[in-house]
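>>> whatever this is, show me its structure:
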Amino acid sequence: MLNNFKRYIRENIFPFTSWLPRYYIFFKWAVIPKAAVVLDLACGEGYVSVKLAARCRKVVGLDISSNDLLLAEDKKSRSKFKDRIDFTLGDILKMPFAEGTFDLVVCMDALPQIERDREALAEIARVLKPGGRLVITTPWRYTCSSILFKAQTRIKKLIPRFMYRVYFKGNIKWYEADNETISKCYNIYHQYDVQGLEEKAKPFLQLAGYRYFLQKYGALATDITYGVKGLWTLRFILFWIAVRLDWYLSGNRQGYSFIAEFTKPV
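Below is the predicted model:
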């Protein structure tokens, strides 16, 4: 029983501590029809794909990493909706799907890492059915602790520096990083605002709606969860508190990330 509990924590709490704002806002905001066939782009280890399978008829997860897909297949094998899930190795710029295959395409924070992003949007439009939708999340401003510590004089007094450790790429100390370092770390080619993304998608897709999320308290919680080992449940609680602080207290209503919905013209 203890092993089952530890597995639940590892599979359900851990991914949410890193991705909670995106998961939370996506599953709360996006309309996912039960009859829909959904494509999860850059699905990684399959967290979103497995959760989507409980809400729609079919999910296909696409990723360029065979290692990530092995982990995704393992998660699929333990899902009670595994018959609704398929994982495919492929490139977003040349997807192995027929034209008009999907009702909904989900792309969570992947587009900034694609250098030829306009081509990617055209390919997404190709595999969407007429009237189909693309729901995308993306940061418009990358943040790190060095920015937040300087900007938030009250909050920084509450967060001791010993809570941060050397980050996982290039021996980066997260609280000393700047935006340029973060972009290099993640191979970021683009930073979008809503209008810029709408302009790139305009030849293929039409903007239907958007909202910002991950405001200053959520961004600080992100830094702490990336900087501290273990303590998954406490990190989850921290995010839960931060998201609500943003809603009730934050004057920054624009947020650091946004979720947008595009439709393919009929």
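>>> output the lowest mean pLDDT helix or strand found in this protein.
Of the helices and strands making up the chain, the lowest-confidence element is helix 153-156, at a mean of 56, by mean pLDDT, DSSP states H and E.
>>> do a quick rundown of the strands in the stretch 1-150 of the chain.
For the stretch 1-150 of the chain, the strands defined by DSSP state E, counting those that start in this stretch cover 37-41, 58-63, 85-89, 102-108, 128-139.
>>> centre of the chain to the following helix or strand past the least confident helix or strand of the chain, how far?
Using DSSP states H and E, the helix or strand that follows helix 153-156 towards the C-terminus is helix 179-185. Here the centre of mass of C-alpha atoms in helix 179-185, compared against the chain's by Cα atoms, centre = their mean, to the nearest Å, lies 18 Å away.
>>> use 46 as the first number from now on
Sure, I'll start numbering at 46, so the last one becomes helix 224-230.
>>> give the rounded mean pLDDT of the next helix or strand after helix 224-230.
Elements were assigned by DSSP H and E; along the chain past helix 224-230, the next helix or strand is helix 239-246. Average pLDDT, helix 239-246: 94.
>>> list the helices and strands helix 239-246 packs on?
Judged by 3 or more Cβ pairs under 8 Å, 6 or more residues apart in numbering; DSSP states H and E, the packing partners of helix 239-246 are helix 162-172, strand 173-184, strand 251-258, strand 302-308. Glycine gets a C-beta too; all of them are placed from N, C-alpha and C.
>>> what sits opposite residue 184 in the beta ladder?
Residues found in beta-bridge contact with residue 184 (criterion: DSSP bridges) are residue 302.
>>> okay, it and residue 257: tell me how far apart.
As judged by Cβ to Cβ, to the nearest Å, residue 184 and residue 257 stand 10 Å apart.
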